[in-house]
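> Sequence and computational prediction follow.
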Amino acid sequence: MITTRVRLADLARRYVAGPLDPRFDAERRWYARLGAGPDHEAWLLTWLPGQETDLHDHGGSAGAFLVVTGEITESLVGDGGLADTTLRAGTVREFGAHHIHRVANRGVVPAISVHVYAPALTAMTRYRLDRGVLVVESMNRAGVDW
């Protein structure tokens, strides 16, 4: 599935083992770039209860995220709706280059996660689900929109 020399899940675990300085923002999800290599980049994200992303892809990058604390719910499109999976602390989720999902903290405590992408993110497309069909809402570019 993942074609990089080192599995993205293993990279996420390496970044989690390093120093992390998470912060929380009541207004929006907080994130900071942890680091990068020639074939990847890593991000630290924090999630207060109720914070979530839109449905989105990663512009052709494969990825993995590791839940450091709390729990994160990932929603995937299937059978005309969304199917949810709750991932608890210590769980890692790898995905391919064409993965579309929504990520949320539906729990009652703050959550922290580390996300690794290969290659580094250059774009993301945001979607909405309209009667079971994905519709493009916007396209965002690295260095311009985040």
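Cool, got the structure. Numbering: from 1, shown residues only.
> For this structure, give me the ranges with low pLDDT.
Judged against pLDDT under 70, the low-scoring parts of the chain cover residues 1-6.
> which residue ranges form the strands in it?
Along the chain, the stretches classed as strands by DSSP state E are 30-37, 40-47, 55-56, 62-69, 71-78, 81-88, 92-95, 101-104, 111-118, 123-130, 133-141.
> tell me the contacts of the residue nearest to His98 when sequence neighbours are not counted?
Across the structure, with CB to CB, 6 or more residues apart in numbering as the measure, the residue nearest His98 apart from its sequence neighbours is Asp57 (7.0 Å). (Glycine included, C-beta is placed from N, CA and C.) Contacts here follow CB atoms under 8 Å, 6 or more residues apart in numbering; on that basis Asp57 touches 98-100, 124-125, 127.
> so how far is Thr86 from Ser75?
When distances are taken as CB to CB, to the nearest Å, Ser75 and Thr86 turn out to be 10 Å apart.
> between these two, who's got more neighbours?
Neighbour tally, Ser75 and Thr86, criterion other CB atoms under 10 Å: the higher count belongs to Ser75, 20 against 13.
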